[in-house]
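K.L.:
how does the following fold in three dimensions:
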Amino acid sequence: MSNTPETILHNARITTLDRQNPEAQAIAISGGRILRTGSDNEIMRLAGSGTEVIDLGGRRVIPGLNDSHTHLIRGGLNYNMELRWENVPSLADALRMLREQAERTPAPQWVRVVGGWSEFQFAERRMPTLDEINVAAPDTPVFVLHLYARALLNRAALNALGITAETPNPPGGVIEKDSNGQPTGMLIAKPSALILYSTLAQGPTLPVDDQINSTRHYMREMNRLGITSVIDAGGGGQNFPDDYDVIQRLHDDDQLTVRIAYNLFAQNPGQELSDYERWVAMTEPGAGSDMLRMNGAGENLTWSAADFENFLEPRPTPAPTMEAELERIVELLATNEWPFRIHATYDETIDRFLSVFERVNGNTPFRTRFIIDHAETISERNIERIKALGGGIATQHRMAFQGEYFVDRYGAEAAKATPPIAKMLEMDVPVGGGTDATRVASYDPWVGLHWLTTGQTLGGLPLYDEDNVLSREDALRIWTEGSAWFSGEQDVKGTLAPGMYADLAALSADYMTIPAPEIRQLNAVLTMVGGRVVYGEGDFADRAPPLPPASPSWSPVLDLPSPGQRSAAAAAAAAPATQMARACHDGCANSCGIHGHDHGIAWNNPIPVKDLKSFWGALGCSCFAV
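P.N.:
You can find the predicted model right below:
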């Protein structure tokens, strides 16, 4: 690393998260790393004749955000063919978008609406009905995923899939049928989400060239939001190495703009140990480069351990065979010094996992990290056990989407520590921030940072007392320095200290000082990975590398703005919108076949109209105005 910087960023308000020098005005970059931070005068004196100097106009700069649990590799393959409902202010708008996309989408492709939306964001405070989806798209197959709880299929999708009155329910799922025994189009996870993602997997895929284009556009969207690193938690149907070909090709062609550490997810029920025995012989943690590297095992180690976070259903109990199956796999991983992670929503499940881990550790001491993912209801006792074993907890903003459902089932008091992040930090356990995008929650990190710092759901419901709401700096640290621990890279990323990667984002507004509702509108105006500009807009647009148009020609990405850029200027005021909202009317029973849950969950959590700058505001949706 030369002492003469290649690039200097100055005239900025820089939150370095470096405890030795927490605030700065300028940064010097050399060899893809931070050379020095300091005042404008101090850093500008380092400039040489070849130094590029960028004036940031007083903008806030933060370390690049790092999503410690997401599904970028799978999400990238599908991004260009997904219709996203994030930040859509009304159901009427969502259905209009669905209709327009159905008209653009050629046979045999589907319209897919997956992840990142909640009925509580809509002015109407409800989900679409199956009739509305059929009217909006009578001929094009439509799949609408509602969390990992339900999927709504139109008649064209039922026909394409061959689902009829004779189709049996799969294990752990329900194909809803009407009084005549005909499928309605509602698929229900009871309690397993397998019915949902196995159905989604039957849709047509994109050709490889379009998958490459799609992944590039998805990474650019990450960069636009200030994300420079992620840890990919694998997924069902994401087999190694075959389904990593696209991301590997992008890496080899130097087209990655997000650093990716990926975990290997057991694929075949009953053969999970065989999966890991094969992979242990093929690769090892750290294999790859600083842009694409293998990170270990999980988040699925064995299918018998799954406890999906469907708060519309009772807590699932993992199979009695789980401990024996899990112990053999963890023993293999510990013997080979593989880090591992495991999906765990409920404290009861975490308790059983930790008993297995403690038993293995007694015979084969853990020499590397392990990760508990999600941990919405974890107890203080189990946090202590994780710390004693050298583990960490990767948290996500799933409660921003499901908080109302949790409160309805378990009560507001129980929801106050879902998850108890402040307690985790107090107990000095590694904590990472993330999204679990794309199929359930939004990939937008600012939804997560808003949730962490306000304790509110997308619908404006306050979940937490002050003792479980984080300061903006603490929330940012979880999303940067905290997440870096989960890939073993805390010595090279997460802060803007000398010697660290020059991964950073200059923001559209000052995260540290803007009113809380405006956090969800933030994005980057300039993003750098390893000192290289990967995104720019406005005054910095000409610094951004070119990106080919999204493909195929019918992609929603070509016709719709990114979710975080959507304006609600045309949205109707909240009060009039709710007058037309009750599609099932007041006589709808709690076991409503259209929505599958009591509408009162939404109607008993009214839109917070008193605060002009709250989610909706007294004048309608002010949250998304740009």
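K.L.:
what are the boundaries of the helices in the stretch 201-350 of the chain?
P.N.:
Counting by DSSP state H, counting those that start in this stretch, the stretch 201-350 of the chain has helices at residues 208-224, 245-252, 272-282, 322-335, 347-363.
K.L.:
out of those helices, the one nearest Phe311 is which?
P.N.:
Closest to Phe311 of these is helix 347-363 (CB to CB; 14.3 Å). For every residue, glycine as well, the C-beta is placed using N, CA and C.
K.L.:
now do whichever helix or strand comes after the closest one: everything it contacts.
P.N.:
Later in the chain than helix 347-363, the nearest helix or strand by DSSP states H and E is strand 370-374. For strand 370-374, contacts defined as CB atoms under 8 Å, 6 or more residues apart in numbering pick out 69, 233, 298-299, 309, 339-345, 350, 353, 357, 378, 386, 389-396, 398, 419, 432, 436, 486.
K.L.:
going through those residues, which ones are buried?
P.N.:
Buried by 16 or more other CB atoms under 10 Å: 69, 233, 298-299, 309, 339-345, 350, 353, 357, 378, 386, 389, 391-396, 398, 419, 432, 436, 486, out of those.
K.L.:
looking at those residues, which are in strands?
P.N.:
69, 340-344, 392-396, 432 (DSSP state E).
K.L.:
just give me the closest of these to Pro89.
P.N.:
Using CB to CB, those come closest to Pro89 at Gln396, 23.8 Å.
K.L.:
mind listing what that closest one touches?
P.N.:
69, 373-374, 433-436, 441, 448 are the contacts of Gln396 under CB under 8 Å, 6+ apart.
K.L.:
in those residues, find the pair that's most separated.
P.N.:
Asp373 and Gly448 (14.5 Å).
K.L.:
ok, these two, which is more surrounded?
P.N.:
Between Asp373 and Gly448, counted using other CB atoms under 10 Å, Gly448 has the larger neighbour count: 29 against 25.
K.L.:
hang on, Met291 packs against Ala261?
P.N.:
No. Using CB atoms under 8 Å, Met291 makes no contact with Ala261, being 9.8 Å away.
K.L.:
what about those two, which has more around it?
P.N.:
Higher neighbour count among Met291 and Ala261: Ala261, with 26 against 18, using other CB under 10 Å.
K.L.:
which residues sit in contact with the more buried one?
P.N.:
By CB under 8 Å, 6+ apart, the residues touching Ala261 are 229-232, 293-295, 487, 489.
K.L.:
could you redo the last one with a cut-off of 10 Å?
P.N.:
Ala261 is in contact with 66, 68, 229-232, 285-286, 288, 290-296, 339, 484, 486-489, counting by CB atoms under 10 Å, 6 or more residues apart in numbering.
K.L.:
which of these are buried?
P.N.:
Among those, those classed as buried by neighbour count (16+ other CB under 10 Å) are 66, 68, 229-232, 285, 288, 291-296, 339, 484, 486-489.
K.L.:
for the helix or strand containing Glu473, which positions count as buried?
P.N.:
For Glu473, the host element (DSSP H and E) is helix 472-477. By neighbour count on 16+ other CB under 10 Å, the buried set for helix 472-477 is 472, 474-477.
K.L.:
tell me which helix or strand in the protein has the weakest average pLDDT.
P.N.:
Ranking every helix and strand in the chain by mean pLDDT, DSSP states H and E puts helix 574-579 at the bottom, with a mean of 34.
K.L.:
the strands in the stretch 51-200 of the chain, which residues?
P.N.:
Assigned by DSSP state E, counting those that start in this stretch, the stretch 51-200 of the chain shows strands spanning 52-55, 60-63, 65-70, 111-113, 142-146, 150-153, 173-177, 183-189.
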